[in-house]
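> sharing a sequence plus its predicted fold:
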Amino acid sequence: MTRPEPQLPGTDPTPVVDLTQPFTEKDLYALRAAVTAHAHAAGASPGSVDSLLIAVGELASNAVRHGGGTGTLRLWVSDGRLLCQVSDHGPGFTDPQLSGRDPIPPTAPGGRGLWIVRQICPHVSIDSDDTGTVVTIAVPA
């Protein structure tokens, strides 16, 4: 999926990409390890690294489960923030701006991933159509 960069408020329109990594289900551990290493190298606080890892885990799992079994992660630093983008080639969301906004009942068997991401990331942008989904998040570096 090739789309223009989503612009979160205050982000540099020409970011330097520090990490680009395609993944499948078997790559999720390595993906988290790479994100951890790059986030620490960028000087992120332990809390930001923890938030980023939780969000990346949710987004990457969603890409594998709902987005065709594969995805691509990009991670970069811009304006004192770590930005991370996870994209897939799944069927997309009907209304991406509302996805993950409402809490899921405790008895539901799943469906909390985007809600969790929205709770721990100060900035979340979702671009989705029938060719796939791109979720961009930002946490303080």
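Perfect, thanks for sending it. Numbering: from 1, shown residues only.
> ok, and the closest non-adjacent residue to Leu82?
Excluding its sequence neighbours, the residue lying closest to Leu82 (C-beta to C-beta, 6 or more residues apart in numbering) is Ala141, at 4.9 Å. For every residue, glycine as well, the C-beta is placed using N, CA and C.
> residue contacts, that neighbour?
42-44, 48, 77, 80-82 (C-beta atoms under 8 Å, 6 or more residues apart in numbering).
> and for Ile120?
Ile120 neighbours (C-beta under 8 Å, 6+ apart): 51, 54-55, 139.
> distance check, it against Arg74.
19 Å (C-beta to C-beta, to the nearest Å).
> show me where this structure has its strands.
Assigned by DSSP state E, the chain shows strands spanning 16-24, 70-78, 81-88, 123-129, 132-140.
> Pro106: how many residues sit nearby?
Using other C-beta atoms under 10 Å, Pro106 has 6 other residues around it.
> quick check: Glu58 touching Gly111?
No. In this structure Glu58 lies outside contact range of Gly111 using C-beta atoms under 8 Å: 11.1 Å.
> neighbour count winner among those two?
Glu58 (22 against 12).
> could you measure that one against Asp102, distance?
16 Å.
> what's the answer for Asp129, then?
From Asp129 across to Asp102, the span is 22 Å (C-beta to C-beta).
> what do you get for Ser61?
With C-beta to C-beta as the criterion, Ser61 and Asp102 are 20 Å apart.
> on that earlier part again, check the contacts of Ile120 and tell me the two furthest apart.
Greatest spatial distance among the contacts of Ile120 (C-beta to C-beta): Ile54 and Val139, at 10.1 Å.
> more neighbours: those two, which one.
Neighbour totals were compared for Ile54 and Val139, and Val139 leads with 22 against 16 (other C-beta under 10 Å).
> just checking, what packs against the worst-scoring helix or strand of the chain on mean pLDDT?
The weakest-scoring helix or strand in the chain, judged by mean pLDDT, DSSP states H and E, is strand 16-24 (a mean of 85). In this structure, strand 16-24 packs against helix 28-41, helix 46-66, strand 70-78, with contacts taken as 3 or more C-beta pairs under 8 Å, 6 or more residues apart in numbering; DSSP states H and E.
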